[in-house]
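J.: Dropping the sequence and predicted coords here.
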Amino acid sequence: MHIKRVAQILAVFIIVSFNAATAVAWPYKHGQKARVQFLATSTLIRGTCGRNEDTYLAQLLMPKQNEVILVRLVDAYPNEWPPLAREVLMSDADALLLVRRDTDCDRPYGEMILRTAPGDPLAILPERLGYQPPLGGMPTRETILPCYRVLRR
């Protein structure tokens with residue numbers, strides 16, 4: 001019986017160690033902190049049931065890579081939660097957010113609808129609005145924008 005107890009403890013220890021090592025090895029699954037500069041509002045989907053989804057054109061600065069990348073940023077959240085604050089969207093300072101890479105929502109730059117400046121209340125209007133953000137170098141229409149999702153806790 002003593003050997004059986006030791007084997008059980010050893011099995012639990014191995015499982016816990018593997019899970020802890022996996023969490024450290026793949027931080028992108030659990031999100032990573034990034035400095036975000038919002039450039040344009042793409043779509044705002046609001047509903048009375050289910051989830052809301054806001055999409056933005058943004059620049060991300062990942063602290064570890066120390067490189068700025070142009071991305072499609074998706075913020076999906078329950079209907080009862082508020083959207084990102086207008087002050088955060090319009091700020092000249094970068095916002096620190098927890099984000100996770102999602103390859104399933106990558107899109108070419110030419111397919112992304114840019115409706116308004118970030119935080120502009122006109123973004124909720126049903127009319128098609130066109131907005132060109134002030135970018136240093138305009139990406140081509142075929143440039144694939146990597147997609148990231150905001151993780152809210």
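T.: Nice, I can see it.
J.: Is it correct that residue 139 is in contact with residue 72?
T.: No. With contacts counted by C-beta atoms under 8 Å, residue 139 stays clear of residue 72, the gap being 11.4 Å. From N, CA and C alone the C-beta is placed, and that goes for glycine too.
J.: And those two? Which one has more around it.
T.: Neighbours per residue (other C-beta atoms under 10 Å) separate residue 139 from residue 72, with residue 72 holding more: 23 against 15.
J.: and that one, what element?
T.: For residue 72, the element it lies in under DSSP states H and E is strand 67-78.
J.: For burial, what's the neighbour tally of the nearest residue to residue 122 once chain neighbours are set aside?
T.: Closest residue to residue 122 apart from its sequence neighbours, by C-beta to C-beta, 6 or more residues apart in numbering: residue 116 at 5.2 Å. A total of 19 residues lie near residue 116 under the criterion other C-beta under 10 Å.
J.: tell me the contacts of residue 116?
T.: 40-41, 122-123, 129, 131 (C-beta atoms under 8 Å, 6 or more residues apart in numbering).
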